[in-house]
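# no FASTA, just this:
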């Protein structure tokens, strides 16, 4: 009998669904600190943050690590590679909630929703909202992969012109134009919205600097929905203090959680999203769908797993 | 020389644009209380609220009334018809800002933006946002004309199933299904979002009642972006008090402005938008574009005016 350890709990109806679909599998819903379960587990389903070198040693039966998130940069990949443990993740399930989050923030700003909520707090009927439109804007999407392209698709529905930016400048879906990283300086002064969904890699760390914000329009909106190390926070803070751009909507930070006294919390034009842009009531059931598909492969000793991660490369 | 009275002011660059394009027209930017200008005006450009029977009498030279809004129900239409004054409006310029407002509110609720703004106010990093998705929802659009269809187009981009509802049940753009007013009771229990963009007519006044809200899902979102007399406010308040539905986003009210002590300001699940959903920084220049087109007709004594209103019917 295969032993599966979930290091998080899921709703009862989802547990029942798993048990019904896999009567020969023993599921334990507990935590990484459940030493008995950890030692017996051939399969671990985790959000990833609880997997350390130490954990791995105790999980002596482990054959397959299923990570219910996208970023794997904190996993002990070398040790996983040495033991030849299969890693899979849930790549692809983030694009809908993240793209909806990006659109929600953009439309909220354009249609003056934060202003409106404040008015309502004071029971004040005023009409000078200062609202504008998304329609006809120009957006730059840095890192137009699955998530960035979905953002591009929705932006285009609002008649926003989309420019994608990646290393090569090669074609990406739902982008009207493409540029490469080294053309950034030419394009930044021409766009209204700059959205990054880049992962953290040696090439993306520190890709944006204070000077890039100086190049942007004064009324530009910058959104970082990728990783916090894209730009040094002190440089971003300086740019916002000087009002080089109008808005920064930030879902990711150099250090998370953001400290209680961090200046970003209270700066004008800064919106702090506590790394929840991919969250959704649908998240767990979508993650389980991928896990279930892969668990059928496991049961029939197949090899056609979904979202296999190369533990040498980390993606 | 033709005299035009604007009863509101516009930005300098727009005034210059008008003067350059029409050197033989005398533009006065003032108010309806400017008796001299009112008496001489052959053309009045107004938002409509300042036009009374009294005003009309004083405007003895008036030949054409250009109304920079959509709802004309408060104009003295009979007197206008008797004097055979041409009326035109700006129908069509509301659809982009209104559809963006509807999408902004829906996405803000689904992606938990009001929660997020409150967290930021307290500099609190928490992740239990309770966010969900618009994706896969079902929406009912009551009154799918130009504005409703634009809302439908955007909803469909988010993979929302759209049902349009009008008097006849006849086809409307960007609606997956159509129903007529008398099928409302069957469909209300099945949809997640109910949006009205109906104008005020004898047929639409009081169309929705308390019982309709009882029929809706407990987690439904109701949006009134048409006219406030669609539903008696006391019935809507009762439904919200009883939590018959989760959210009511209201851009229009029985009596505007909403009184300081009105219960809707502070009710849970109610979002008060002070009749600004059609506002936009682009509004005036779009209204002027229609006016300019029509003024060229006037100058060449043509008859092909845009958005002529039948003063007997009022639309």
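Arrived safely, thanks for sending. All values derive from a computational prediction rather than experimental measurement.

# Provide the secondary structure category for the closest residue to chain B within the stretch 201-315 of chain A.
Using CB to the nearest CB, the single residue of the stretch 201-315 of chain A nearest to chain B is residue A:257, 3.7 Å away. Placement of C-beta: from N, CA and C, glycine included. Judged by DSSP: H, G, I helix; E, B strand; the rest coil, the three-state class of residue A:257 is coil.

# State the distance spanning the first to the last residue of stretch A:275-285.
20 Å (CA to CA, to the nearest Å).

# Identify each buried residue in the lowest-mean-pLDDT helix or strand in chain A, please.
Least confident helix or strand of chain A, by mean pLDDT, DSSP states H and E, is helix A:77-82 with a mean of 93. Counting neighbours by 16 or more other CB atoms under 10 Å in any protein chain shown, one finds that the buried residues in helix A:77-82 are A:77, A:79-80.

# how about the spatially closest residue to the residue of the stretch 201-315 of chain A closest to chain B that is not a sequence neighbour, what does it touch?
Leaving aside its chain neighbours, residue A:257 sits nearest to residue B:125 (3.7 Å; criterion: CB to CB, 6 or more residues apart in numbering or on different chains). Shown in contact with residue B:125 (CB atoms under 8 Å, 6 or more residues apart in numbering or on different chains): A:256-258, A:274, B:119.

# Of those residues, grab the buried ones for ChimeraX.
Typed into ChimeraX, the line below selects the buried ones among those, using 16+ other CB under 10 Å:
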select /A:258,274 /B:119
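
# Need the nearest residue in space to residue A:165, chain neighbours excluded.
Of all residues not flanking residue A:165 in the chain, residue A:142 sits nearest, at 4.6 Å (CB to CB, 6+ apart).

# For the least confident helix or strand of chain A, which helices and strands make contact with it?
If you count contacts as 3 or more CB pairs under 8 Å, 6 or more residues apart in numbering or on different chains; DSSP states H and E, helix A:77-82 packs onto helix A:53-58.

# Can you name the element that comes right after the helix it packs on?
Remark: after helix A:53-58, the chain's next helix or strand is strand A:64-67, criterion DSSP states H and E.

# who touches that next one?
With contact meaning CB under 8 Å, 6+ apart, strand A:64-67 is reached by A:42-48, A:51, A:75, A:80, A:85-90, A:291, A:294, A:298, A:309.

# ranges for the strands of chain A?
A:2-6, A:25-29, A:43-46, A:64-67, A:86-89, A:138-142, A:161-166, A:177-180, A:193-196, A:221-224, A:247-250, A:270-272 (DSSP state E).

# wait, does the shortest one contact chain B?
Which is strand A:270-272. Yes. Against chain B, strand A:270-272 shows contacts by CB under 8 Å from any CB of the partner chain at A:271-272.

# pLDDT value on the closest residue to residue A:96 other than its chain neighbours, please?
Nearest in space to residue A:96, with sequence neighbours left out and distances taken as CB to CB, 6+ apart, is residue B:135 at 5.0 Å. Looking at residue B:135, its pLDDT is 97.

# Quick check: residue B:135 vs residue B:156, distance?
Applying CB to CB, to the nearest Å, the value for residue B:135 to residue B:156 is 12 Å.

# on that earlier part again, report the contact partners of the residue nearest to residue A:165.
Here residue A:142 is in contact with A:148, A:165-166, A:184, A:194-198, A:207, A:226 (criterion: CB under 8 Å, 6+ apart).

# before we move on, the earlier item: now, among the buried residues of helix A:77-82, which is nearest to residue A:175?
Nearest to residue A:175 out of the buried residues of helix A:77-82 is residue A:77 (CB to CB; 31.2 Å).

# List the residues that contact the closest one.
When contacts are counted by CB under 8 Å, 6+ apart, residue A:77 touches A:311-312, A:314.

# Same check on residue A:40?
With CB under 8 Å, 6+ apart, residue A:40 has these contacts: A:3, A:5, A:61.

# May I see the PyMOL selection of the buried members of those residues?
Only the buried entries of the contacts of residue A:40 go into this PyMOL selection, using 16+ other CB under 10 Å:
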select buried, chain A and resi 3+5
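
# The residue nearest to residue A:227 when sequence neighbours are not counted: neighbour count?
Spatial nearest neighbour of residue A:227, excluding adjacent residues (CB to CB, 6+ apart): residue A:200 at 3.9 Å. Residue A:200: 17 surrounding residues under other CB atoms under 10 Å in any protein chain shown.

# pretty sure residue A:200 is touching residue A:229, no?
Yes. Counting by CB atoms under 8 Å, residue A:229 is a contact partner of residue A:200 at 5.4 Å.

# Next, count neighbours for the closest residue to residue A:237 other than its chain neighbours.
What sits nearest to residue A:237 in space, not counting adjacent residues and going by CB to CB, 6+ apart, is residue A:263, at 5.5 Å. Other residues within reach of residue A:263, judged by other CB under 10 Å, total 14.

# got a pLDDT number for residue A:263?
Value for residue A:263, per-residue pLDDT: 97.

# Surely residue A:223 touches residue A:191?
No. Assessed by CB under 8 Å, residue A:223 is found out of contact with residue A:191, at 11.9 Å.

# More neighbours: which of these two?
residue A:223 (26 against 21).

# partner residues bridging that one?
On the basis of DSSP bridges, residue A:223 is bridged to residue A:195, residue A:249.

# so who does it touch?
The neighbours of residue A:223, taking CB under 8 Å, 6+ apart as the test, are A:102, A:105-106, A:193-196, A:248-251.

# ok, now residue A:232?
Applying CB under 8 Å, 6+ apart to residue A:232 gives the contacts A:206, A:209, A:254.

# give me that answer again for 10 Å
A:205-206, A:208-210, A:238, A:254 (CB atoms under 10 Å, 6 or more residues apart in numbering or on different chains).

# what's the neighbour count on the residue nearest to residue A:48 when sequence neighbours are not counted?
Closest residue to residue A:48 apart from its sequence neighbours, by CB to CB, 6+ apart: residue A:67 at 4.5 Å. By the criterion of other CB under 10 Å, residue A:67 has 23 neighbours.

# separation between residue A:67 and residue A:3?
For residue A:67, the distance to residue A:3 - CB to CB - is 18 Å.

# these two touch, right, the residue nearest to residue A:227 and residue A:224?
No. The pair formed by residue A:200 and residue A:224 falls short of the contact definition of CB atoms under 10 Å, at 11.6 Å.

# what touches both of these two?
A:230, A:252.

# circling back to that earlier point, roughly how far apart are the residue nearest to residue A:227 and residue B:160?
Separation of residue A:200 from residue B:160 (CB to CB): 33 Å.

# same deal with residue A:25?
Noted for residue A:25: a distance of 36 Å to residue B:160, by CB to CB.
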